[in-house]
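> Any chance you could fold what I've pasted below:
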Amino acid sequence: MKKNSKAKDWLRGGQIVDHNIRMFKQTAKRVFLATLIITASYIAIYSVFNTTTNDRKLAINYYYSSLMNNIGIGHGTNKVFFNRKTMVFKHSVVANAKVFKNASIRINDILFVAFLHSLLLNIVVYMLISWYIRRRGKVEQSDKFLRGGKLVENNTFKNAVKNKQFNKHLSLGIIPILKGSETTHFEISGTTGSGKSQTLKHLLADVINRGDRAVVYSTSDEFIANFYQEDRDIILNPLDDRCPGWSIWNETKEVYHYDDVAASLIPEVENGQNDPFWINSARSLLANAARKLKDEGEYSTKLLFDKLLGTSLSDIARLVKDTEAATIFAEGAEKTALSIRSTLLSNIASLKFLTNDDSNFSIRDWVKNEDDNQGCVFITSIADQHEVLKPLISCWVDIFASSVLSLSENRDRRIWLFIDELPSLHKLKSLQNMLAQSRKYGGCCVVSYQGYSQIEEIYGVKGAKSLSNLTATKVFFRNNDEYNAKQASIQLGREEIKSTNENISMGANTMRDAISITQNEKLRELVLPTQIFNLNDLHGFYRLPGDYPVVIFKQELFKSTKKIEPGFVPSTKENHIYMLEGQSTNETSSEDIFLNNTGTDTDSEIPSYVTEEIPEQPTLNSDIQNSFEFIDDNSKDDVSHNKSKLLRGV
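Sure thing, here's the model as predicted:
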């Protein structure tokens with residue numbers, strides 16, 4: 001098999017080499033012939049313009065007679081036409097006459113000069129013909145752009161686009177921003193360490209220098225370290241000593257704000273996989289409980305926890321009486337009510353880290369009062385805090401997004417939302433609305449993430465497409481997996497080209513040897529997923545809104561010019577809600593000991609600081625023992641398993 005394959009390779013290679021040699025000979029012969037014709041024409045033209053008619057006639061007669069004389073027929077005659085007269089001379093006379101000889105010398109000198117010129121001309125003509133042939137061959141073989149996107153280098157793009165089209169005050173580092181495009185939003189994607197944060201820092205520095213306001217969310221404290229200014233900025237992290245007091249009631253300026261905050265604090269189940277009843281009911285319970293406490297004139301985050309956690313279902317029912325949440329506590333629905341309360345507590349547990357004081361900071365007020373509030377609001381958490389603070393932080397970001405849409409219309413206003421690592425937050429109900437509607441309010445959003453699949457996991461396939469569709473400026477750094485790299489490639493676009501294919505046919509007879517060239521129109525990606533795999537750190541592609549090409553670039557490292565601030569200062573406050581456990585005077589009824597997780601995530605556990613508020617009970621009464629049979633119809637082993645999970649501290 002191998003011998004046969006080698007023999008075929010040898011024959012194929014021999015035929016191709018032989019074909020190429022013959023084709024080379026044909027091409028070289030034609031190039032030489034063309035060069036010879038051009039050179040001869042030059043010599044003739046040069047001689048005509050640099051000699052007289054008489055000299056040419058005398059020289060021609062001299063050449064002819066000399067030839068006849070040299071071959072032994074000098075006695076013959078030569079008719080000479082000179083000065084309109086015909087004279088007859090023997091060849092020997094013409095060959096020795098000075099007048100003929102001198103004329104031939106002058107002609108020879110001219111021909112020699114013309115020959116020297118022709119040598120140089122030969123080289124030039126040959127090079128020009130060869131260049132044209134090579135160029136024609138390259139053009140015919142290369143793909144021809146028809147329509148779609150184009151791919152260019154960053155310097156080429158900047159030189160081609162007039163500077164007046166770029167915003168001279170804002171940029172994404174090396175990446176320019178088109179004038180007026182801030183409100184069409186930005187999308188930055190790339191794996192860890194590829195350059196996303198560097199790009200965000202460049203833009204944030206320009207935003208601050210221009211005097212714009214911004215809310216900056218990040219799972220890292222590096223933005224605070226590089227940009228925080230104490231007399232200008234706000235830090236929202238309940239575990240940071242610099243965080244001002246905050247409570248739900250600071251954001252409830254209108255009655256409907258209670259429902260808005262509850263929806264932000266208790267997000268939809270990611271990708272909408274579970275029954276929304278439990279989430280909607282928990283939202284209703286929280287909104288109505290907070291509203292009733294405010295109406296009664298005595299309200300605080302600690303009191304809210306005491307009312308929802310440390311009291312019986314009947315006490316909660318009395319609190320939300322005459323509201324839509326009252327139906328949760330209808331007679332015979334105790335198990336459902338307990339499940340809803342379990343869902344609620346698992347989502348508001350992060351409020352335990354707030355301080356129980358006269359909270360005065362309001363995100364809505366900060367957004368609304370443009371003249372009094374400048375600078376940035378940094379919403380952050382460090383790694384070991386993030387999961388417990390995630391619901392609260394997501395709520396803050398969501399409140400800001402919805403607050404921007406409540407401003408008066410002003411297309412000249414610029415108020416920014418930076419989200420570093422969007423998938424680290426719960427699903428934000430207001431994000432899509434902000435991206436779609438905030439332009440007339442001056443809202444600008446910058447969203448970064450590591451992989452497109454993370455966005456799909458939280459917002460669903462259609463939701464992820466909608467978010468991506470609402471961002472016009474796109475920046476892509478390296479992605480390390482095929483799916484995310486392919487999604488980046490798709491978003492960078494495609495081009496339609498006319499591709500050329502060369503086919504060689506050969507056979508034993510040279511008449512069968514030929515090269516055929518065919519052209520086909522096809523679509524192809526501007527950037528292949530493999531190219532995104534292979535990007536180095538800080539290297540990437542960007543696409544601006546409008547009829548502009550995709551640009552290859554290398555980002556610059558951000559260098560801070562201000563004093564580095566501590567990214568996190570541990571709180572020294574002693575009035576965090578979780579520190580005040582056990583100080584409530586409310587008692588817990590035995591009916592509240594168990595928590596039914598029906599319809600919720602049974603793998604999630606109530607934090608210890610919540611469950612510790614449920615008093616220990618020495619034994620279970622018979623009603624509770626029987627209730628487990630109602631809660632779960634599984635086997636006794638499953639019931640025992642649920643008991644151990646649901647009766648924390650019992």
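
> helix or strand right after the single longest helix found in the chain?
The longest helix of the chain (DSSP state H) is helix 2-50. The helix or strand immediately downstream of helix 2-50 is helix 53-70, counting by DSSP states H and E.

> Let me know the angle separating the longest helix of the chain from helix 53-70.
Helix 2-50 runs at 120 degrees relative to helix 53-70, counting by axes from the mean of the first three to the mean of the last three C-alpha atoms, to 10 degrees.

> I'd like to know which elements helix 2-50 is packed against.
Judged by 3 or more C-beta pairs under 8 Å, 6 or more residues apart in numbering; DSSP states H and E, helix 2-50 is in contact with helix 98-141. C-beta here means a position set from N, CA and C on the backbone, and glycine is covered the same way.

> tell me what the helix it packs on is packed against?
Using 3+ C-beta pairs under 8 Å, 6+ apart, the elements in contact with helix 98-141 are helix 2-50, helix 53-70, strand 494-505.

> Lys302 and Glu574, how far apart?
13 Å (C-beta to C-beta, to the nearest Å).

> Which residue is the nearest non-sequential neighbour of the residue in the chain sticking out farthest from the centre?
No residue in the chain sits farther from the centre than His75, which is 96.0 Å out by C-alpha atoms, centre = their mean. Nearest non-adjacent residue to His75, counting by C-beta to C-beta, 6 or more residues apart in numbering: Lys90, 6.1 Å away.

> For the stretch 351-500 of the chain, which segments count as helices?
Using DSSP state H, counting those that start in this stretch, the helices of the stretch 351-500 of the chain run over 363-368, 386-404, 431-437, 452-469, 482-492.

> show me where the stretch 201-350 of the chain has helices.
Using DSSP H, counting those that start in this stretch, helices in the stretch 201-350 of the chain cover 222-227, 256-265, 276-296, 301-309, 313-319, 334-348.

> Among these, which comes closest to Val551?
With C-beta to C-beta as the measure, helix 222-227 is the member of those nearest Val551 (26.2 Å).

> helices or strands next to that closest one in the packing?
Going by 3+ C-beta pairs under 8 Å, 6+ apart, helix 222-227 lies up against helix 196-210, strand 376-380.

> Mind listing residues that contact it?
With C-beta atoms under 8 Å, 6 or more residues apart in numbering as the test, helix 222-227 has contacts from 197, 200-201, 204-205, 208, 216, 233, 235, 376, 378, 380, 418, 420, 558, 560, 562, 564-568.

> how far does it sit from the chain's center?
Counting by C-alpha atoms, centre = their mean, to the nearest Å, helix 222-227 is centred 24 Å from the centre of its parent chain.

> And for stretch 137-145?
31 Å.

> Leu170 looks like it's in a strand, true?
Yes - counting by DSSP: H, G, I helix; E, B strand; the rest coil, Leu170 is found in a strand.

> correct me, but it touches Ile177?
Yes - under the contact definition of C-beta atoms under 8 Å, Leu170 touches Ile177, with a separation of 4.8 Å.

> Settle it for me: which of the two has more neighbours?
The neighbour comparison of Leu170 against Ile177 (other C-beta atoms under 10 Å) goes to Leu170, with 22 against 19.

> Give me the residue ranges of this protein where confidence is low.
By pLDDT under 70, the weakly predicted segments of the chain are 1-4, 74, 82-83, 270-274, 501-517, 581-650.

> quick one, domains of the chain?
The record assigns the chain these domain ranges, following automatic domain parsing: 2-142, 147-244+355-494+526-584, 591-646.

> Could you say which one of the ones you listed comes nearest to Ile340?
Closest approach to Ile340 among the domains of the chain (C-beta to C-beta): domain 591-646, 8.9 Å.

> picking up where we left off before, who touches both of Leu170 and Ile177?
With C-beta under 8 Å, 6+ apart as the test, Leu170 and Ile177 both reach Leu203.

> re earlier: how about a markdown table for the domains of the chain, with distance to Ala330 added?
Listed next are these as a markdown table, based on distance: least, C-beta to C-beta, whole Å:
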| stretch | distance to Ala330 |
| --- | --- |
| domain 2-142 | 76 |
| domain 147-244+355-494+526-584 | 26 |
| domain 591-646 | 15 |
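
> Ser339 is nearest to which of the ones you listed?
Smallest distance to Ser339 across the domains of the chain (C-beta to C-beta): 4.1 Å, for domain 591-646.

> and Ile235, bridged to which residues?
Beta bridges link Ile235 to Phe378, judged by DSSP bridges.

> Burial check on Lys563, number of neighbours?
Neighbour count of Lys563, defined by other C-beta under 10 Å: 9.

> Ile188 belongs to a strand, doesn't it?
Yes - judged by three-state DSSP, Ile188 forms part of a strand.

> Quick check: the gap between the closest residue in space to it that isn't next to it in sequence and Leu120.
Nearest non-adjacent residue to Ile188, counting by C-beta to C-beta, 6+ apart: Ser448, 4.1 Å away. When C-beta to C-beta is the yardstick, Ser448 and Leu120 sit 63 Å from each other.

> The two: which is more packed in?
Shown here are Ser448 and Leu120; by other C-beta under 10 Å, Ser448 has more neighbours (22 against 9).

> is it true that that one touches Ser189?
Yes - the criterion here is C-beta under 8 Å, and Ser448 meets it with Ser189 at 7.1 Å.

> Between these two, which contacts overlap?
Common neighbours of Ser448 and Ser189 (C-beta under 8 Å, 6+ apart) are Lys196.

> Is there a neighbour count for Asp295? I'd like the number.
There are 9 residues near Asp295, going by other C-beta under 10 Å.

> Stretch 574-582: which residues count as buried?
Neighbour counts over stretch 574-582 (16 or more other C-beta atoms under 10 Å) mark 576-578, 580 as buried.
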